[in-house]
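1. Sequence isn't available, so here's the structure alone:
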């Protein structure tokens with residue numbers, strides 16, 4: 001649902017679009033110095049190299065000159081808030097968020113520009129790239145002692161022809177130490193270390209030499225492969241494992257510490273450095289006591305002067321002395337901690353301000369959303385290689401899940417003048433999340449200023465500098481419970497008695513599709529909804545009210561409650577349907593005993609008995625559609641959350657699948673019982689259609705649509721069709737189920753009439769032209785009436801075989817005698833060869849006349865015809881197909897049906913009475929709410 005986006009504009013993904021030669025030789029571009037953590041390489045020379053060829057001159061690092069003006073500028077910008085846009089000093093250290101050192105690139109002041117030294121003389125470095133190009137040995141790139149690993153990776157990728165936008169992040173330079181096999185000359189790596197992006201490979205190979213018998217070479221490998229190798233290492237923190245974890249930590253801290261544009265990064269660089277990383281001595285810290293007092297809010301006399309800052313900078317270059325006393329050491333530590341806190345929040349990206357944590361000494365205060373989709377989770381020892389398990393901010397606490405929470409920022413509007421939309425937050429299944437103090441179970445809007453709690457330890461405030469500011473939503477408000485007391489009658493909200501009464505009356509009479517209840521009242525509520533089915537004029541009320549219960553559970557109750565509610569509703573519906581089926585069976589037996597064996601039930605009695613079943617069939621179909629929508633939401637959660645919580649979601653889906661299968665069974669059973677009793681009634685009425693003569697009655701055939709004007713022979717059959725149509729309409733049965741109900745009735749009518757015709761045709765003179773005309777007239781009257789009520793297409797499809805047979809019998813005798821077998825087979829394809837042969841063999845041509853030879857089938861078909869059945873099978877009925885659209889209930893729209901609204905109001909009053917009864921006797925009158933009002 002959420003698409004991952006690359007961090008456009010991020011300094012980790014930005015490319016420096018400078019020609020390689022121009023970058024190396026420009027005297028005004030230098031990298032930030034490494035500081036005291038790295039060995040001094042001011043005068044280190046290299047006389048030999050395994051992988052680099054740089055000429056006969058040695059490589060030498062130029063010592064940095066001591067210049068007061070530059071040090072003055074560096075210290076003066078340290079406590080500068082929000083510079084005016086000029087570049088800050090590039091004089092060492094890393095960000096407080098531990099951004100990569102290679103991104104801190106600043107020009108030096110003009111007075112420090114010197115001619116190129118021996119360390120800037122370019123050499124040639126061999127970089128092996130077997131992971132990029134199979135079979136390629138190495139590529140040579142120009143490098144100096146000032147070239148960093150990130151630069152060399154960029155140049156090597158250009159040489160190898162890799163042009164992806166994020167290629168620099170996908171590959172890493174590796175320092176590989178190994179030896180050449182004595183027999184086959186193959187290279188065998190013994191040790192591999194991922195080189196940091198800010199490290200300088202030429203200096204690295206000059207300072208650290210391989211042991212005797214080993215050589216070094218540099219390889220470019222995929223970063224993910226190196227990290228995967230690190231996961232397989234031991235937990236001793238050595239080798240590739242240590243380096244890969246260090247790089248992974250840098251990326252995680254970069255996302256947590258802040259993501260800013262390159263220009264803004266330069267402006268805020270001095271505010272993100274820590275004192276310890278600038279190598280300030282204790283004496284320098286003592287000289288900065290005035291700065292500490294000023295930053296802490298204590299006024300000092302005169303404040304810190306620029307001279308004292310310059311003096312502190314000069315002292316920092318010398319040898320540091322131990323603190324004179326414990327008090328001075330404490331002051332230095334406080335200054336360092338204070339400087340680390342001087343961090344400006346980002347102005348172009350949303351972020352989370354951490355208010356509470358699990359181990360606050362090792363956690364960041366600001367966590368910036370560098371992607372549109374930001375995921376919180378617990379770090380795992382073995383991470384999945386796919387992107388679905390990516391975590392942006394790691395939270396180390398025992399109650400944090402590997403994937404705990406997901407926040408998706410809003411999409412910028414097309415019109416800049418329009419306000420931005422709200423961000424969305426959703427917990428992963430099983431995660432403990434609070435939103436403004438309330439438990440969060442599903443996706444919800446996240447506004448700036450909202451409080452987001454994760455587990456029992458972490459608390460964050462969401463901030464979005466791009467969105468308009470407003471009052472935070474977590475300010476004290478009236479507590480809302482699922483019941484009516486908390487929603488409408490809570491005295492703590494400050495509303496008067498009259499206001500609470502008006503709110504209650506408005507809720508009772510509201511046409512909004514809303515039904516609030518507490519979990520302890522659920523069973524009584526569901527039983528009451530089932531009883532509503534017996535009320536007159538109810539129709540689809542049970543499905544609608546059950547749907548409101550599902551909506552309330554999905555919105556207000558915990559996620560695991562919804563599958564249990566679906567299962568319980570299905571069980572109640574199934575029990576009610578089985579009870580009705582049993583009652584109808586008992587009643588039919590009583591009718592049979594009262595009327596005798598030959599007595600037949602009237603269509604009115606059958607319709608009255610089938611009405612409850614039809615109502616439950618209509619409600620079950622609508623309810624199944626509402627349940628399927630909720631199951632689709634659960635399946636979307638499963639797709640989003642992945643396999644980390646598959647067991648909980650899978651159990652919920654299994655419960656819902658069983659409930660939907662039970663609803664399918666209810667629909668199938670009600671359908672079967674309905675058509676069973678209808679076809680049982682039809683069976684006794686259909687023979688009159690073949691036996692009656694429509695031309696001898698007093699029927700007025702000019703008024704075909706009117707049932708009263710129909711001939712007596714077809715009146716009983718049409719009366720059953722009409723009663724069934726009125727019953728389906730009265731029960732609001734789905735149109736697709738109505739069509740399939742009549743499809744089954746027409747299938748039965750066609751099969752029953754055709755089998756009777758084939759069985760009695762020869763003995764009762766039905767295969768006669770004059771009789772066939774009467775049968776065809778009766779059948780045409782039935783089809784014309786069905787066409788008038790909108791069922792003509794369905795009837796024509798299922799009566800095709802009977803229509804074909806009557807058309808054959810109505811052919812004039814003279815024409816029929818001239819027809820051959822092959823012609824009759826092609827003119828009447830609906831009849832099988834056995835059925836056609838049976839009709840022709842029993843056709844009554846007259847006394848003593850035999851069928852012509854042309855009617856006889858070919859020799860090769862006679863054996864098959866002799867062993868074929870001429871009757872239609874009742875088991876070949878059309879299958880019941882449940883509809884997918886065209887449902888009547890809309891839970892998102894106000895209730896427009898008056899009957900449905902009255903039932904909703906009745907249930908609201910019923911729930912209020914249950915809630916009042918649960919209150920203590922001395923508090924029932926306190927709320928001042930009278931449901932009769």
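-> Thanks, I have the structure now. Worth saying up front: this structure is predicted, and the values here are computed from it rather than measured.

2. mind checking how far residue 836 is from residue 815?
-> Distance of residue 836 to residue 815, computed by CB to CB, to the nearest Å: 16 Å. Quick note: C-beta positions are derived from backbone N, CA and C, even for glycine.

3. Ok, residue 902 next?
-> In this view, residue 902 and residue 815 are 66 Å apart by CB to CB.

4. Settle it for me: which of these two has more neighbours?
-> Relative neighbour count places residue 902 above the other of residue 902 and residue 815, with 14 against 8, counting by other CB atoms under 10 Å.

5. can you give me phi and psi for that one?
-> Here is the backbone geometry of residue 902 (degrees, to the nearest 10): phi -60, psi -40.

6. same check, this time on residue 503
-> Note on residue 503: backbone dihedrals following degrees, to the nearest 10 are phi -70, psi -40.

7. wait, what's in contact with residue 796?
-> 783, 803 (CB atoms under 8 Å, 6 or more residues apart in numbering).

8. What strand or helix carries it?
-> Here residue 796 sits within helix 792-798, counting by DSSP states H and E.

9. Check which residues of that helix are buried.
-> Using 16 or more other CB atoms under 10 Å as the test for burial, helix 792-798 gives 794-795, 798.

10. Would you verify that residue 391 is located in a strand?
-> No. If the criterion is DSSP: H, G, I helix; E, B strand; the rest coil, then residue 391 is coil and not within a strand.

11. so how far is residue 374 from it?
-> Distance of residue 391 to residue 374, given as CB to CB: 9 Å.

12. residue ranges with poor pLDDT in this structure?
-> Under the criterion pLDDT under 70, the flagged ranges of the chain are 1-121, 134-136, 233-342, 382-388, 474-497, 591-600, 642-646, 697-706, 762, 920-933.

13. And the top strand by length along it, what does it pack against?
-> As assigned by DSSP state E, the longest strand anywhere in the chain is strand 171-180. If you count contacts as 3 or more CB pairs under 8 Å, 6 or more residues apart in numbering; DSSP states H and E, strand 171-180 packs onto helix 149-160, strand 187-194, helix 201-207, strand 215-222, helix 223-231.

14. Which strands or helices does the helix or strand where residue 523 lies pack on?
-> Taking DSSP H and E as the criterion, residue 523 maps to helix 522-531. In terms of contacts (3+ CB pairs under 8 Å, 6+ apart), helix 522-531 is packed against helix 541-556, helix 561-595, helix 898-918.

15. now these in a markdown table, with distance to residue 433?
-> Converted to a markdown table, the helices and strands packed on helix 522-531 look like this (distance: least, CB to CB, whole Å):
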| stretch | distance to residue 433 |
| --- | --- |
| helix 541-556 | 16 |
| helix 561-595 | 17 |
| helix 898-918 | 29 |
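
16. Just say which of the ones you listed is most tucked in.
-> helix 541-556 (a mean of 22; mean count of other CB atoms under 10 Å).

17. Return the list of helices and strands in contact with it.
-> Applying 3+ CB pairs under 8 Å, 6+ apart, we find helix 541-556 packed against helix 522-531, helix 561-595, helix 603-641, helix 898-918.

18. right, so of the ones you listed, which gets closest to residue 192?
-> Among those, helix 603-641 comes nearest to residue 192, with 35.8 Å by CB to CB.

19. After that closest one, which helix or strand is next? Please name it.
-> helix 646-685.

20. and the angle from that following helix to helix 561-595?
-> Relative orientation of helix 646-685 and helix 561-595, computed by axes from the mean of the first three to the mean of the last three CA atoms, to 10 degrees: 20 degrees.

21. Following element in sequence after helix 646-685, please.
-> For helix 646-685, the succeeding helix or strand toward the C-terminus, using DSSP H and E, is helix 688-691.

22. buried ones in that following helix?
-> Residues of helix 688-691 classed as buried by neighbour count (16+ other CB under 10 Å): 688-690.

23. Give the residue from residue 391 and residue 374 that has the larger number of neighbours.
-> Taking other CB under 10 Å, residue 391 and residue 374 do not tie; residue 374 has more neighbours (23 against 19).

24. give me the beta-bridge partners of the more buried one?
-> Counting by DSSP bridges, residue 374 forms beta bridges with residue 407.

25. Tell me which residues touch it, please.
-> Residue 374 neighbours (CB under 8 Å, 6+ apart): 392-393, 406-409.

26. what do you get for residue 767?
-> Residue 767 neighbours (CB under 8 Å, 6+ apart): 761, 809, 839, 842-844.

27. For the closest residue to residue 390 other than its chain neighbours, grab the count of nearby residues.
-> In space, and not counting its chain neighbours, residue 390 is closest to residue 375: 6.6 Å by CB to CB, 6 or more residues apart in numbering. By other CB under 10 Å, 21 other residues sit near residue 375.

28. Then the one 3 residues further on?
-> Neighbour count for residue 378, taken as other CB under 10 Å: 17.

29. list the contacts for the closest residue in space to it that isn't next to it in sequence?
-> Spatially, and ignoring its direct neighbours in sequence, residue 378 is nearest to residue 400 (4.3 Å; CB to CB, 6+ apart). Taking CB under 8 Å, 6+ apart, we find residue 400 in contact with 376-378, 454-455, 458.

30. I'd say residue 153 and residue 172 touch.
-> Yes. Between residue 153 and residue 172 there is a contact at 7.0 Å, judged by CB atoms under 8 Å.

31. Overlap of the contact sets of these two?
-> 197, 220.

32. could you pull out the helices for the stretch 351-500 of the chain?
-> Applying DSSP state H, counting those that start in this stretch to the stretch 351-500 of the chain gives helices spanning 484-488, 497-509.

33. ok, now how distant is the spatially closest residue to residue 638 that is not a sequence neighbour from residue 517?
-> Leaving aside its sequence neighbours, residue 638 sits nearest to residue 649 (CB to CB, 6+ apart; 4.5 Å). Per CB to CB, residue 649 is found 26 Å from residue 517.

34. And stretch 358-368, what's buried?
-> In stretch 358-368, counting by 16+ other CB under 10 Å, buried: 358, 363-368.

35. Repeat that for stretch 835-842.
-> 835-840.

36. Equivalent analysis for stretch 765-775, please.
-> 766-768, 771-775.

37. Relative to residue 733, how far out is the residue lying closest to residue 196 once chain neighbours are set aside?
-> The shortest distance from residue 196 to any non-neighbouring residue, by CB to CB, 6+ apart, is to residue 149 (6.5 Å). Residue 149 sits 73 Å away from residue 733, going by CB to CB.

38. related to what we said a few turns ago, now the helices and strands packed on strand 171-180 in CSV, with distance to residue 133 and mean neighbour count?
-> Below are these laid out as CSV (distance: least, CB to CB, whole Å; neighbours: other CB atoms under 10 Å):
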stretch, distance to residue 133, mean neighbour count
helix 149-160, 6, 22
strand 187-194, 16, 16
helix 201-207, 20, 21
strand 215-222, 10, 20
helix 223-231, 15, 17
